[in-house]
Structure formats: structure tokens, C-alpha cells
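In: generate a structure from the sequence data that follows.
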Amino acid sequence: MNTIRVSSIFLIRVKSWPPCLFESGCLEKLKLLLSTVESQGVSLDSHEVFSNLIEGYVAAGELDRSILVYDRMKSRGLVPPRSSYCGLLNLLLQRKRFQLASHVAWDMVDMAVNFSDAEKSTLENVIRLLCTDGKIQEARNLVKKFMDLNCQVSNLVLEEFVSGYCEKKDFEDILSFFVEIKCAPSVMAGNRVVHSLCDCYGTERASLFIHELENVGFCPSEITFGILIGWSCLEGKLSKALTYMSTMLSKGLVPHTYSYNALISGVCKEGLWKHAQAIFDEMIDRGAIPDLLTFKVLLAGYCKARQFDEVKRLIYEMVSRGLIQLHLLEDPLSKAFIVLGLNPLAVRLKRDNDVGLSKTEFFDNLGNGLYLDTDLDAFDKRITVILEDSMVPDFNSIIRKECSHNNLKTAQSLVGEMACWGQELSLPIFSELVRQLCSSRSLIKVLTMILEKMTRLANQLDQETLNLVVQAYSNKGLTFKAKIILDEMLHSKLDIKNKTYTSIVLSLCKKGNSRDLLGYWGAFLKNKWCPGLDDFKRILECLCHGQMLREALQLLEMMLSSYPHLRLDICHAFLETISATGFTDVALAFLEELKHCFVLDRISYSHILRGLCNEGKFSVAITILDNMILENLIPCLDVSVSLIPKLCKVDRCDIAVALKDLLLKGQSSNSCAVHGALVCGYSMTAKVQEAGTLFQDMMSKGLNPDTKIYNMLVQGHCQANNLMKVRELLGVAIRNCLTVSISAFRNLVRLMCMEDRLVLALSLKDLMLGQRQYDALIIYNILIFYLVPTGRMSIVNNIIVEMEEKKFVQNEFTYNFLVYGFSQCKDLSSSVHYLSIMISKELKPSNRSLRIVISSLCNIGELQTALDLSREMELRGWTHDSIIQNAIIEGLLSLGKLQEAEKFVGRMMERDLIPDSINYDNLIKLFCQYGRLNKAVDLMDAMLKKCNVPNSTSYDSVIYGFCAHNKLDTAMAFHAEMLNMRLNPSIDTWEVLVHNLCQNGQTAEAELLLLSMVEVGETPSRKMYCCVINRCRIENNLRKASELMQAMQQVGYEPDFETHWSLISNLNNPKDKDSDNRKGFLSRLLSISGFAGKKGFKG
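Out: Now for the predicted structure:
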């Protein structure tokens, strides 16, 4: 068979593989697999395989490999799907590979298709980040191509262009850009241009430029005019400001409070303070709400005009509006000076009483001469600054002030308002805002929004701020976002704080992301990261749970070198953690090393003992305990109390008693706990006599056994089946008002039902219900569970009736116990009855209940009832596990209902009612036997989609089936897949493939199959060799036949006489008698066959 034909069929199989096979560890296997096929001279032009590889590498964060596959795909003329483009672009943007992202984006746009919203968003992100990176012309070309496809870009993209051009002061390019894309500037974009023009060239040019913007569709807003008003006032062009105000009002726009503030500042600065009140009144009439800045401007204006009576009036109005507070004895003028940022002690208003040289500057309403006792130049300068600062709002200053007062929500709203006024945050203020948001766990979404929206500033953040961002994201569990920033910091070789490393490690540990943790580990070690002691324990625990022992030891080494004064505490923490997480072998080895450095205390041993007990390594634990006792070391109380019952369980009661005696020396306060532990140990091992003796000893010493001890004694006698003693102990417990535990109740009911003392069991149930310590439903469920196997169904039914009378609604546990119990009693009809009730009440049965009922129904031939239950499961979307599906399909097949069986399994796949652990191996063989090969292949694919590999027998059956149907190409494809799955075909499978290849005249392929069989460690059968040799003989390929015969003999097979004679007969062809080549061959053939050199034989 042609290798290319096999490989093409094999690729069809690869395409059908599920996404889980393209994840992490499987990516390398698939890459190796494809390389192997290509090395055989087969060109793989599989669109699906390459696309899956790209998406797999992107998901794994392996950018370089995904780019290599992408380039390889493009070089072969293949077009990746849009999902691959989006994933690759997003990863490129995260890694800030803008130039490469631009090339990929161009490739994506060249597809000329209708993009989804998500795809448009990805492309827009590329455009925005190109603008941020200063590549505006490149971004502009991409936008033009994008819009040629009838796609509209968002205002966010347009505003990014405007910001980029404004930064370069290329205002004419802004116009040409909007003309080129035939799109009107948004209000925010237009205001950004207007503000920049006012700042760079003044209001005259800005006003002219607005008309040009209007020609391309810009519609000025009240804020646009507000910008012009503010800058005009700042330039001293008050008449222009008033004109802009008039134009705004004529357009029906409502002026902003900032615009009124600017006008009030303007008239006051020009000495026209009398008009300030008129502007203020109009402001009120038009519904604008004056803020603190409005009154501050008015105060400054009146102070400049020395109208202090008006200043006092304003102070009282501010108090009435709740803007400030004025105490009863507080001077309003002093308050005004405080509002204006002046020192009231340094600025005093005085009456001029000097009869000599007059100091009077102005007069009050009564005609008194007044003057300001202060540095007038400094006073007037401060007033002028206030007036000028109020003309054009300085949002950076306002936001800085709000951040300093921790008013982050106000600062957030100001950021949005700032953009409307065409202003941009400065880097220092942006950094301060980000740092403040990092400290607030409740505003993490705001932080993300600001960083994503203001990419230009985000890319300029310093390392201190970036450290805080990574910490904030990590602490909030946003590990993916934290990783993006950390990767950039590592790439830029920025200083990363110890706290930052710790936060990301803890976040990755919580997520169980060991792959990324391993990826960062080298960088962590290189930068000498070391967590604190508390974090060390948490990280160590996560490393151990992730089986990352090497990294755990490296972390220990870092800790010991960084905190030499805490070495013993660190060692204790290490021993405690690794012992608790299943690495007691390592803990023991570490303990041996510690003996050379420290005098070991009982804490070190206790940690290891605790771990050994949890792992069930009692023999090792006992050995350590023996050594401890020899050294007069006693384990910690909690370890000892838990160890004593385990010692009893492994029949080492002598050590348990010795440990008890050691613990009680001088520690009488722990007597009850220690005695109780030994009582529990005796009770658990059915040493009820020893437990009773110890119990009496406790009573004699005045120790009052607690509820746990009584319950353990009860359980011990239950295990010894001593009902009389159990009743005695139960009576003592009841008289002492002790509670019977659920565990003891379970054992009691079991014993009473076993002894057929059902009346006692029912009485005990009433006692438990009377205690009101446990859920009544649990008590009834336990009673039902043990009553059902007794076969006393009338009592069970009475209990069900009692529950209904007491309004105790049976839960799923009740019904599951009934279903299972009746099935164990072979009462399948009752099991089906309660299962049906359960389903009708929308309670989901356990998998065990469904399995046992449906499989039992199929076994007794009640297939229709099983199918009815299956339909109920389908309606509710319940998965059918392997046993259920196998039972139903085998039942259908046994009745010859092949189509029904195929439809059933088809519904299971279509509705995704298949569990992750599905196993169709037996059904695959059955469908192959019935000749339904396509359905058998479907079942194999269903298993693969759940990441379960079918066994070798399944593949053998499918291959044999395709060979039987003369579909050798397909059989060979499955054989190749089988080998790549590391499965071993059976000898019969190899034989049938070789036989069919020879039968089809594909001798070379048959020979290759023999060689591959040897390579995987299998020995071809004698029949296989003979089949290929005979085929070579038929084709007159005697040299190859000779070689195969030699190989056949090397593995211990002897060729038959017929084969020998056939070869010799072919060599006696008269045409070839004189051929030296043939003679050489015959001589060689006879030699390897054992005939050469024999007496009487003439060559």
C-alpha cells in the first residue's frame, strides 16, 4: 500500500481527535507524530491539524511555537481559521509583540470576511496598540483596509488616533484621517483636538479648526464651547468667551458649571466683579448646580475687589448649602481665607484709626476706612492664581487631591469627565491613581478598566507601580492578568519585589497551575526570591500537593540561607508540611540529615509520626516511636492520642500502654484523653475485656468517661456481637444523659437487625429521635438500610408510613437505600418501584442505583423497562455510565435489534450523556462482530473525545473487520494510530495485515510491516514469513526471498521442503543456467538452508 494513502487516512483520524489531546503534554506527542509521518516523505497539508496545533500552543502560552506553526501553515498556502487568528493576536498583544501582531492582523484582514464582534474587538486592539507604540501610519493603513470591508471602527480607536496625532501636533493629519475613512469625529475626539489646539496655538486657531472638523461631521457640544470659554478667559479675551457662551445658548446647549466658573473668574480678574453675581444668578436659573469651586472663585473675586461684606454673605450661603461648616464663634472672614488657602492669622482686616498717615484701602458700608494687614503682593498673587486656575479646570490636580483623601470612586468619575474635556492624565497622577486602586480590593475592576483603556500610560508605569499591580491581581485571584504584567517585567528586566513573587506564587498555587509555576520557578530562584515563614508553609503545601518535590527542596534551601536565625522553625514547618502531604520518606531522610545539625525535639518526630499514620505506614511509625521512647521523648499529645488506637489496631497494645503511661507521668490534666484513646483502641480491635477493665479503672480514679468513650465501648461490643453488654452500656449512657453517636447507632442497629431484635432497633430509633441531636432523616435512613436486608418488608413499609405521617420527606439517600436494599434481596420490582418514585419527584438517583437496576433488568430480559428508565434519564440529561450503556446495547444486540442499538448509542453521543470515564471496548468488539464497523469507529472516537484510549483488543477488532471487508487502507491507518497510541497489536492482527497485503500484491509493504513488528519487540510468526516469501517467489524476486528466509531462520523457524524446492525450481530456468548471478544465489540459498557441503551433492 502507498505510504501517502495510509498517512492521509491517518490524518483524517487525527482531525477527529478531541481538543484535550492538543493540550499541554499531548502537544509534544502530536508534534513528534507529525514529524515522524513527514520524515517518511509524506507532505502534511492538514488544515485542521495545524489549526489545532496553533490553538493548543496559544492556550499553553507558547508564543514562539505557535508562530512557527503559523508560518509553516502560511508557507503551504493554508489559511488558519479565524479562531486561530484571534487567539494568536491576543497572545501577541499580551506579550507586546506589536510588529508581529500587525503582520498577523494584515493576514486576517486579507481574508475579506464578515468579522464577528469578538474578532473586530481583537483587530481594534491591534490598531490601538500600534497607535500607542507610535506606529500611527501603520495603524492608519490597517484601519483603511478594515473599513474597506464595510467594518466600522469604534470611537475608542478613533480617539486613540486623535491622541497620537495630538501628541505629535499633527492636526492637519487628523483632518485628512477623518476625510479618508469618511467617519465623523466623536465629541470626545473633537474635544481632545480643541483642547490641544488651545493649549498649543490658542483659541483663535482652535475656533477655525472647529469649523473644519464640522465639515467632516463633528458636532460641537457644550463641553467643546466650555473649553473655548475657559481658554479665552485665560487669554484675557473675555468678549470672545461671552460670544462662545452666547453661541452655545443659541444652539440650545446647557453650559457646564466649569464654563460659568471660567466666566466668573474672567470678569473678576478684569475687575468687573459687579457682573459676577449676575452670572451666578443665571447659572442658578438655568439649573446648573454651583460647586465649592464656584464659591471659591466668587470669594477670590470679591477679595480682589475688597468687597468683604460680599465675602461674608457668600460664606453664610456656603454654610446653608452644606459646602462648609462654620462654628458659632468662628469669624466668617477667617473662614473665607481658609477656603482660599490663606493663613487667617497672616491676613487680617483692620480699621484705619491712625490720625496721621492714612492706611485706608477701601471703605465698608458704614464708611469706615479699612485695610488689609498682610503682604499685599503675596495676597493678590494668591487671588490671581485662584482665578486663573479656575478658568480651565486642571483635572490632574483635582484627581491628585481626591487620591490623597482616598476618594477613589470620585477620582474614577473624574477620569471619565477629564476625557470629555479633552484632557489626559499625566503619568505621575496616573501612577498615583493606579497605586491607590491597587490598595483597594473592592475596586479591582476599576483598576483593570483604567489599565486597559489607557494603554499609552499603562506602558509607561514604573517598576514600583507594576509590582503593586501584580500583587493586587494575584491577591484577588486574577492570575492570568498578573502573569501578563509579570512576563513583561521579566522581559524588561525590571526589579521585582519579594512580595510580588510571593503573591504570584500563592495565586498560582491556589489555582493549581503547576505548569506556569514551573515556568517561573527559574526566574524566582535567579532573583533570590524568598517568602516569609507563614507564606513558606502555604507555598510548600501547594508544591507538595503538585508533586513538585524538587522545587520544595529548593525553596527550603532558600529559606535556610535567608533566615539563619529561624532555621529550627523552618525545619519544623518543612517536616510538618511534607509529612502531611504524603512525603514521609523525604521527611525521614531530612530528619537523618538534621541529626547532624540539631538536637532533635519531640516536635520534629511528632510531625513525621502524624504523616506516617495518615499514610498507613504503622511499622515505620512504631520503629520511630520505639526510638523516641528510648530517648525519653514523647510525641505531642494530639499525635499520641491519635497513635494509640492505631497501635492497638496493628496489635501493638504493649507500646500503646507504655505510651499511655509516659503521657500520664506528671500530666494528670490529660488523663481522660489518654485513657479514652486506649479505650478506643481496645474497642476498635474487639478487645472488649481490656477496654472494660480500663473503663472501670477510669471510674475508680474519678475520671468521668465522656460520650466518645461510651460510644466507642458500645461499638466495640457491637463488633464482638455482645448484645447483652451493649444493652448494659446503653443503659448507663442513658442514665448519664450521654448522647448516642450516629456511628454507634449504626453499629447498634446493625447488631440488633443481625440478632433479629428488631423491636430493640425500633426503640433505639425512638431514643435517637428524642435526643434531637441529629437529623431525623439520617436516623430513619440508617434504620432502613439495615432493615431491608432482613427481608422484613412489612416493618420497612411501616417506617415509610411513619415518616410520611411525621412529615419527614424522604430524600435521595432514603430512596437509594431502598433501591439498593431491595436489589440485594432480589426484589427487583420493589427496586424499580422506588427508583420510579424517586425520578418522579425529580430526585437524582445515585449511579449505583441506576446501574444495579438497569443492568439487573437487562439480565432478566426486561429490556423494555430498562429502556423506559433510560428515556427518563435522557429527558433529564443524566449521563449513562459504561455499565448502563453496555447492558442496554448488549441486550438490544442479543435480540438482533442492531438499528435500535445504533440509534441508542447515537443519542448518547448527540446529547452528550457520556461520562468522562466511558469505556466502549466490549461494544466495539460486538459491533465489529456484527459487521457495524462505522459504529465501532464512532465508539472509539467517543472514547478519544473523553480522553480515554480504547484498548488494543478494540483496535484489533476494528482492523480485522476492515481487512475482512477488503478495506486495507483504512485497516493500516488504524494500525498506525494504534502504534502511535503505544498499544501492541495481537499476533493475529499482524498476520491478517501481512496476509492481506500479500494477497493484494503489496509485497514491499508487507515486508515493511515485518520490519516494524521486529522494531516494536514482536517476533513475526512462521506463517507470516512464509506468506511474504511465497509472494516474493511468485513475483520472481528470489534475492528478497533469500533474505527473508535467512531472517526467518535467525528467529528459529525452519523453511519447509516445498518452499526450498520452489526456489530451486525457479533457479533451474534454462534461460538462467549460465547466469553467474543465479549461480551465486543458488549457492547462497543452499548454504543457508543447510544443504551446502553435503557428500554427494554437486553444485
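In: and the most centrally placed residue in the chain, what does it touch?
Out: Centroid-nearest residue in the chain: residue 511, 6.1 Å away (criterion: Cα atoms, centre = their mean). Going by Cβ atoms under 8 Å, 6 or more residues apart in numbering, residue 511 touches 477, 479. Just so you know, the C-beta spots here come from the backbone N, C-alpha and C atoms, and that holds for glycine as well.
In: how about the strands in the stretch 551-700 of the chain?
Out: For the stretch 551-700 of the chain, strands defined by DSSP state E, counting those that start in this stretch do not occur.
In: for the closest residue to residue 498 other than its chain neighbours, what are its contacts?
Out: Of all residues beyond its chain neighbours, the one nearest residue 498 is residue 529 (5.8 Å), with distances taken as Cβ to Cβ, 6 or more residues apart in numbering. By Cβ under 8 Å, 6+ apart, residue 529 lies in contact with 498, 501-502, 558.
In: the same query, at a cut-off of 10 Å, please.
Out: Residues in contact with residue 529 (Cβ atoms under 10 Å, 6 or more residues apart in numbering) are 496-502, 504-505, 520-521, 523, 555, 558, 562.
In: flag the shaky bits of the stretch 951-1099 of the chain, pLDDT-wise.
Out: Scanning the stretch 951-1099 of the chain for pLDDT under 70 picks out the ranges 1056-1099.
In: from the contact counts, what lies against the strand or helix carrying residue 130?
Out: Assigned by DSSP states H and E, residue 130 belongs to helix 117-132. Other helices and strands packing on helix 117-132, by 3 or more Cβ pairs under 10 Å, 6 or more residues apart in numbering; DSSP states H and E, are helix 82-94, helix 98-109, helix 136-148, helix 155-168, helix 444-453, helix 455-458.
In: which parts of that helix are buried?
Out: 119-120, 122-132 (16 or more other Cβ atoms under 10 Å).
In: how about the secondary structure of residue 327?
Out: coil (DSSP: H, G, I helix; E, B strand; the rest coil).
In: that one contacts residue 335, doesn't it?
Out: Yes: contact criterion Cβ atoms under 10 Å: residue 327 and residue 335 qualify, at 8.8 Å.
In: of these two, who's got more company?
Out: In this view residue 327 and residue 335 are compared by other Cβ atoms under 10 Å, and residue 335 has more residues nearby, 22 against 7.
In: wait, that one sits on residue 329?
Out: No: Residue 335 is not in contact with residue 329 according to Cβ under 10 Å; the separation is 11.4 Å.
In: which members of the contacts of residue 529 are positioned in strands?
Out: Using DSSP state E to define strands, no part of the contacts of residue 529 is located there.
In: can you give me the strands in the stretch 351-500 of the chain?
Out: 362-363, 369-373.
In: pick out the shakiest of those, pLDDT-wise.
Out: Of all those, mean pLDDT reaches its minimum on strand 362-363 (a mean of 59).
In: looking at this protein, which helix or strand is least sure?
Out: helix 3-15 (a mean of 44; mean pLDDT, DSSP states H and E).
In: I'd assumed the residue nearest to residue 498 was in a helix, is it?
Out: No: counting by three-state DSSP, residue 529 falls outside a helix, being coil.
In: re the thing from before, looking at the buried residues of helix 117-132, which is nearest residue 918?
Out: Lowest distance from residue 918 to the buried residues of helix 117-132 (Cβ to Cβ) belongs to residue 119, with 35.0 Å.
In: correct me, but that closest one touches residue 84?
Out: No: using Cβ under 10 Å, residue 119 is not in contact with residue 84; the gap is 11.4 Å.
In: touching both of these two, which residues are there?
Out: residue 108.
In: and the contacts of stretch 580-590?
Out: Applying Cβ under 10 Å, 6+ apart, the external contacts of stretch 580-590 come out as 540-547, 549, 552-553, 556, 571, 574-579, 591, 604, 607-615, 617, 620-621, 624.
In: now list the buried members of these.
Out: Here, 16+ other Cβ under 10 Å leaves 540-544, 546, 552, 556, 571, 574-579, 591, 604, 607-613, 615, 617, 620-621, 624 buried among the contacts of stretch 580-590.
In: hmm, back to that, list residues touching both of residue 327 and residue 335?
Out: Common neighbours of residue 327 and residue 335 are not found (criterion: Cβ under 10 Å, 6+ apart).
In: need the helices for the stretch 151-300 of the chain, in chain order.
Out: Assigned helices in the stretch 151-300 of the chain, in chain order: 155-168, 171-181, 187-201, 203-215, 222-234, 238-250, 257-269, 276-285, 292-304 (criterion: DSSP state H, counting those that start in this stretch).
In: the one helix or strand residue 515 maps to - contacts with which helices or strands?
Out: Secondary structure assignment for residue 515, by DSSP H and E: helix 514-526. Contact here means 3+ Cβ pairs under 10 Å, 6+ apart; on that basis helix 514-526 packs against helix 479-491, helix 498-511, helix 533-545, helix 549-562.
In: follow-up on the earlier one: how about the helices of the stretch 151-300 of the chain, which one is nearest residue 94?
Out: Closest to residue 94 of these is helix 155-168 (Cβ to Cβ; 18.1 Å).
In: what is that closest one packed up against?
Out: helix 117-132, helix 136-148, helix 171-181, helix 187-201, helix 444-453, helix 455-458.
In: need the winner for burial among the ones you listed.
Out: helix 187-201 (a mean of 22; mean count of other Cβ atoms under 10 Å).
In: what average pLDDT does it get?
Out: 92.
In: relative to helix 222-234, how tilted is it?
Out: 10 degrees (axes from the mean of the first three to the mean of the last three Cα atoms, to 10 degrees).
In: now helix 187-201 - C-alpha only, PDB.
Out: What follows is helix 187-201, C-alpha atoms only, in PDB (Å, rounded to 0.1, in the frame of the first residue of the first chain):
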ATOM      1  CA  VAL A 187     -17.400  64.500  20.600                       C
ATOM      2  CA  MET A 188     -14.600  63.200  22.900                       C
ATOM      3  CA  ALA A 189     -12.200  63.000  19.900                       C
ATOM      4  CA  GLY A 190     -13.100  66.600  18.800                       C
ATOM      5  CA  ASN A 191     -12.800  68.000  22.300                       C
ATOM      6  CA  ARG A 192      -9.300  66.400  22.600                       C
ATOM      7  CA  VAL A 193      -8.300  68.200  19.400                       C
ATOM      8  CA  VAL A 194      -9.800  71.500  20.500                       C
ATOM      9  CA  HIS A 195      -8.100  71.400  23.900                       C
ATOM     10  CA  SER A 196      -4.700  70.500  22.400                       C
ATOM     11  CA  LEU A 197      -5.000  73.400  19.900                       C
ATOM     12  CA  CYS A 198      -6.000  75.900  22.600                       C
ATOM     13  CA  ASP A 199      -3.000  74.700  24.700                       C
ATOM     14  CA  CYS A 200      -0.500  74.800  21.800                       C
ATOM     15  CA  TYR A 201      -1.700  77.600  19.500                       C
END
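In: helices or strands next to it in the packing?
Out: Partner elements for helix 187-201 (3+ Cβ pairs under 10 Å, 6+ apart): helix 155-168, helix 171-181, helix 203-215, helix 222-234, helix 408-420.
In: now with 6 Å, please.
Out: Helix 187-201 sits against helix 155-168, helix 203-215, helix 222-234, with contacts defined as 3 or more Cβ pairs under 6 Å, 6 or more residues apart in numbering; DSSP states H and E.
In: got a list of contacts for that helix?
Out: 158-159, 162, 166, 174, 205-206, 209, 213, 218, 221, 223-224, 227, 231, 419, 422 (Cβ atoms under 6 Å, 6 or more residues apart in numbering).
In: go through the helices and strands packed on helix 117-132 and name the closest to residue 317.
Out: So among the helices and strands packed on helix 117-132, helix 444-453 is nearest, using Cβ to Cβ, at 35.1 Å.
In: and the closest one, how far out from the chain middle?
Out: Relative to its parent chain, helix 444-453 has a centroid offset of 21 Å by Cα atoms, centre = their mean, to the nearest Å.
In: got the contact list for that helix?
Out: Residues contacting helix 444-453 (Cβ under 6 Å, 6+ apart): 412, 437, 458, 476.
In: show me where pLDDT drops low in the stretch 701-850 of the chain?
Out: For the stretch 701-850 of the chain (pLDDT under 70), the answer is 702, 704-706, 717, 736.
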